[in-house]
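Novice: fold the following for me, if possible:
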Amino acid sequence: MIDVTVTDSATGRVTRQRSDVSAYAAAPAGSDLLLATGMRPAETADAAPAAGEIRKGAVLLQASGRPVLTPQQARLGYYLELYAPRAETVTVVVRVATPQGRQVIATPGERVPIAAGGGVTRAMVDLAGLPPGDYRLDVIAVGADSVVRSGLFRMAGFETEAAIADATPADDFFAGQNEGRLDTLYLPLVYLMTADEQGSYPSLTLDGKRRWLRQFWAKRDATAGTPRNEAREDFYARIAETNRRFRESGSAQIPGWRTDRGRIFIKYGPPDEVLDRPQAGNTRPYVVWKFTRGRALKYVFLDATGFGNYVLIWTSDRREPSRPNWEEMLGPEAVIEIERF
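Specialist: From the prediction side, this is the model:
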């Protein structure tokens with residue numbers, strides 16, 4: 001059994017999952033099926049994967065646990081390793097079915113040579129015209145042993161494309177940006193996104209990502225129709241300021257916007273009062289931010305490692321997490337000083 005706990009450093013959300021692990025009774029005939037919205041050859045042996053990519057042999061895959069396709073990006077890739085003890089040629093069929101098992105699409109069988117010890121079958125499948133809904137992709141390899149592997153994906157409807165249509169064609173802020181830069185501009189939006197805005201961006205094309213970002217900021221533009229989008233300018237100015245002030249060094253090299261102080265600064269702006277204790281006796285260094293504009297809130301950040309990496313350990317803001325043992329982490333003298341601040 002494997003227990004996994006993941007804490008999102010940007011939002012503080014904690015996700016837990018448990019999986020049972022069973023050993024194979026014998027060597028498997030194939031790997032799990034990996035689905036991808038993009039696939040490209042690795043130009044060199046040491047080519048670094050881009051954001052969202054993983055390397056498998058000589059290819060880089062834009063992998064996803066459950067890809068979401070759209071009418072404008074309807075190609076789905078698959079990667080499957082076959083472990084053959086001796087050289088053979090297998091017949092590979094790709095089939096799309098509903099979750100209930102009703103077959104929708106089946107490709108003609110393709111003969112794929114597999115070397116002794118194993119090989120790979122991979123391809124991009126064009127699923128344009130597939131109606132919106134949830135589906136299962138089956139890859140069937142028939143040789144000395146038959147291998148069937150499956151993965152789930154979803155086809156979105158035209159309403160998804162309409163939702164990210166370019167509402168502000170005159171705004172060319174994103175027009176000259178490459179995909180890496182667009183992804184950099186997208187990531188901090190986790191602090192602003194609504195539930196229905198989450199999840200669609202990563203699977204979009206380059207133009208689709210530009211349209212998504214334009215639409216996202218158009219909905220938050222209080223002065224629509226003017227050349228400037230003040231909400232967008234203010235947000236990215238805060239990102240730049242947090243990266244300048246709160247970047248954490250060390251092996252992780254965490255940008256300022258992903259730190260706890262950066263998150264609070266981006267959401268609520270600069271604090272009205274600051275209590276800074278870089279040398280606090282027997283207590284590790286800590287900082288307290290106090291907001292008094294319209295709401296009286298405090299945020300306590302502790303340098304738990306001693307290397308300048310401050311984490312939020314307590315706050316009076318119910319929308320943010322606090323650690324149950326925060327008083328023990330600080331000590332009684334610091335707690336009294338914070339209460340009086």
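
Novice: shouldn't Gln72 be in contact with Gly208?
Specialist: Yes. Gln72 lies in contact with Gly208 (CB atoms under 8 Å); the separation is 6.4 Å. The C-beta positions use only the backbone N, C-alpha and C, and glycine is treated the same way.

Novice: so where is the stretch 201-341 of the chain shaky, pLDDT-wise?
Specialist: When residues are selected by pLDDT under 70, those of the stretch 201-341 of the chain lie in 249-253, 280-281.

Novice: all strands of it, in order?
Specialist: Assignment of strands within the stretch 201-341 of the chain using DSSP state E, counting those that start in this stretch yields the ranges 273-277, 286-291, 297-303, 310-315.

Novice: dump the ones you listed into TSV; add distance to Arg154 as well.
Specialist: As requested, the strands of the stretch 201-341 of the chain are arranged in TSV below (distance: least, CB to CB, whole Å):
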stretch	distance to Arg154
strand 273-277	47
strand 286-291	41
strand 297-303	39
strand 310-315	35
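
Novice: for those, which one sits closest to Thr37?
Specialist: strand 310-315 (34.4 Å; CB to CB).

Novice: got the angle for the closest one vs strand 297-303?
Specialist: Using axes from the mean of the first three to the mean of the last three CA atoms, to 10 degrees, one finds that strand 310-315 and strand 297-303 are set 140 degrees apart in direction.

Novice: by contact count, what packs against strand 310-315?
Specialist: Packed against strand 310-315, as judged by 3 or more CB pairs under 8 Å, 6 or more residues apart in numbering; DSSP states H and E, are the following elements: helix 260-268, strand 297-303, helix 326-330.

Novice: how about it: buried residues?
Specialist: Residues of strand 310-315 classed as buried under the neighbour-count rule (16 or more other CB atoms under 10 Å) are Tyr310, Val311, Leu312, Ile313, Trp314, Thr315.

Novice: what residues are up against Asn309?
Specialist: Contact partners of Asn309, counting by CB atoms under 8 Å, 6 or more residues apart in numbering, are Glu248, Gly250, Ile254, Thr259, Asp303.

Novice: pretty sure Leu127 contacts Leu76?
Specialist: Yes. Contact status for Leu127 versus Leu76: in contact at 5.7 Å, counting by CB under 8 Å.

Novice: per-residue confidence for Leu187?
Specialist: The predicted structure scores Leu187 at 89 on the pLDDT scale.

Novice: ok so, going back, max pairwise distance over the contacts of Asn309: which two?
Specialist: In terms of CB to CB, these reach their longest pairwise distance at Ile254 and Asp303, which sit 13.7 Å apart.
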